[in-house]
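Student: sharing a model that was predicted from the sequence below.
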Amino acid sequence: MIVAFSVAPVGPQHVGDAVAECVRVVRESGLPNETNAMFTNIEGEWDEIQAVLKQCIDVCERYGPRVSLVMKLDHHPGAGHEHSLAYKKDRVERALQDPTA
């Protein structure tokens, strides 16, 4: 399972510190992940990912009275590793290099 998510406290403060703490939580989880300007992608079993998301929500609660979470989930049971973060990204890169592939 791959989840793309964005989480942040809602309020007047700058959210950069809270987001950085959440990215640290994700990286320390040991699950495959990558962060870009808009989302963090994480790969694992639902229970593992849910625990990480809960930790991120807990972090954001320290920065504001409300938390916003946007999540997109790719659940492909039985797919194994052929649909991992790395595979999907590599497949697009190969297609860009050789449009006939």
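Tutor: Structure received.
Student: the longest helix in the chain is where?
Tutor: Counting by DSSP state H, the longest helix found in the chain is helix 46-61.
Student: CA-only coordinates of the helix or strand following that helix in CSV, if you can.
Tutor: As assigned by DSSP states H and E, the chain's next helix or strand after helix 46-61 is strand 66-74. Output in CSV follows, covering the C-alpha atoms of strand 66-74 (Å, rounded to 0.1, in the frame of the first residue of the first chain):
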residue,chain,number,x,y,z
ARG,A,66,-7.0,21.9,14.6
VAL,A,67,-5.2,19.5,12.2
SER,A,68,-5.7,19.2,8.4
LEU,A,69,-4.9,15.8,6.8
VAL,A,70,-5.2,15.1,3.1
MET,A,71,-4.6,11.5,2.0
LYS,A,72,-4.6,9.5,-1.2
LEU,A,73,-4.3,5.8,-0.8
ASP,A,74,-3.2,3.1,-3.4
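Student: and the following helix or strand past strand 66-74, what does it pack onto?
Tutor: Tracing the chain past strand 66-74, the next element assigned as helix or strand by DSSP H and E is helix 85-97. Using 3 or more Cβ pairs under 8 Å, 6 or more residues apart in numbering; DSSP states H and E, no helix or strand is in contact with helix 85-97. (Glycine included, C-beta is placed from N, CA and C.)
Student: give me the angle between helix 85-97 and strand 66-74.
Tutor: 70 degrees (axes from the mean of the first three to the mean of the last three Cα atoms, to 10 degrees).
Student: pull out the buried positions in helix 85-97.
Tutor: Leu85 (16 or more other Cβ atoms under 10 Å).
Student: starting at the chain centroid, how far to it?
Tutor: The chain centroid and the centroid of helix 85-97 are separated by 18 Å under Cα atoms, centre = their mean, to the nearest Å.
Student: coming back round to it: mind checking how far the longest helix of the chain is from the chain centre?
Tutor: 11 Å.
Student: just the C-alpha atoms of the helix or strand bottoming out on mean pLDDT in the chain, please, in PDB.
Tutor: The helix or strand of the chain with the poorest confidence is helix 85-97; it has a mean of 85 (mean pLDDT, DSSP states H and E). C-alpha atoms of helix 85-97 as PDB (Å, rounded to 0.1, in the frame of the first residue of the first chain):
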ATOM      1  CA  LEU A  85       7.300   3.600  -4.700                       C
ATOM      2  CA  ALA A  86      10.600   3.000  -6.400                       C
ATOM      3  CA  TYR A  87       9.100   0.800  -9.200                       C
ATOM      4  CA  LYS A  88       6.400   3.300 -10.100                       C
ATOM      5  CA  LYS A  89       8.800   6.200 -10.200                       C
ATOM      6  CA  ASP A  90      11.400   4.200 -12.200                       C
ATOM      7  CA  ARG A  91       8.800   3.100 -14.700                       C
ATOM      8  CA  VAL A  92       7.800   6.700 -15.500                       C
ATOM      9  CA  GLU A  93      11.500   7.700 -15.800                       C
ATOM     10  CA  ARG A  94      12.100   4.800 -18.300                       C
ATOM     11  CA  ALA A  95       9.100   5.900 -20.300                       C
ATOM     12  CA  LEU A  96      10.400   9.400 -20.400                       C
ATOM     13  CA  GLN A  97      13.800   8.200 -21.700                       C
END
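Student: many thanks, I have nothing further to ask.
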